[in-house]
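> Return atomic coordinates for the entry below.
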Amino acid sequence: MDGRNRKDIYPGLEVGIILKKDQRSGNITYGVVKDLLTSSAFHSRGIKVRLEDGPVGRVAEITED
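Just a heads-up that it's a prediction; the model follows:
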């Protein structure tokens, strides 16, 4: 799963996100979802989330099955 569908993402899920400052480099930050910030059902660049330790970014990959 790639994190572009909101229905696939929920609080407590382990994901890899791309922070705004890392969009050019593609550096992925891993963590656990705290909040979903995108309200639409689909987003072409990934659903925006807040991780439990604070960073905000778009989901690039879902690491937990």
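> and the closest residue to residue 40 other than its chain neighbours, what pLDDT?
Nearest non-adjacent residue to residue 40, counting by C-beta to C-beta, 6 or more residues apart in numbering: residue 6, 6.9 Å away. Just so you know, the C-beta spots here come from the backbone N, C-alpha and C atoms, and that holds for glycine as well. Predicted confidence (pLDDT) at residue 6: the value is 96.
> Looks like residue 6 contacts residue 47 (just checking).
Yes - counting by C-beta atoms under 8 Å, residue 47 is a contact partner of residue 6 at 5.3 Å.
> Now do the shared contacts for these two.
Residues touching both residue 6 and residue 47 (C-beta atoms under 8 Å, 6 or more residues apart in numbering) are 36, 38.
> quick one: which of those two has more around it?
Remark: of residue 6 and residue 47, residue 47 carries more neighbours, 25 against 17, as counted by other C-beta atoms under 10 Å.
> Give me the nearest residue to the more buried one, chain neighbours excluded.
Nearest to residue 47 is residue 38, by C-beta to C-beta, 6+ apart, at 4.6 Å.
> since we're on that neighbour, how many residues are nearby?
17.
> tell me the contacts of it?
By C-beta under 8 Å, 6+ apart, the neighbours of residue 38 are 6, 47, 48, 49.
> Is it correct that residue 49 falls within a strand?
Yes - under DSSP: H, G, I helix; E, B strand; the rest coil, residue 49 sits within a strand.
> returning to what we had before: so the residue nearest to residue 47 versus residue 25, what's the distance?
22 Å (C-beta to C-beta, to the nearest Å).
> Could you do residue 33 as well?
In this view, residue 33 and residue 25 are 22 Å apart by C-beta to C-beta.
> do residue 19 as well
10 Å.
> Over to residue 43?
Counting by C-beta to C-beta, the gap from residue 43 to residue 25 is 21 Å.
> Now do the contacts for the spatially most central residue of the chain.
Centroid-nearest residue in the chain: residue 59, 2.4 Å away (criterion: C-alpha atoms, centre = their mean). Shown in contact with residue 59 (C-beta under 8 Å, 6+ apart): 2, 3, 4, 9, 15, 16, 17, 46, 47, 48, 49.
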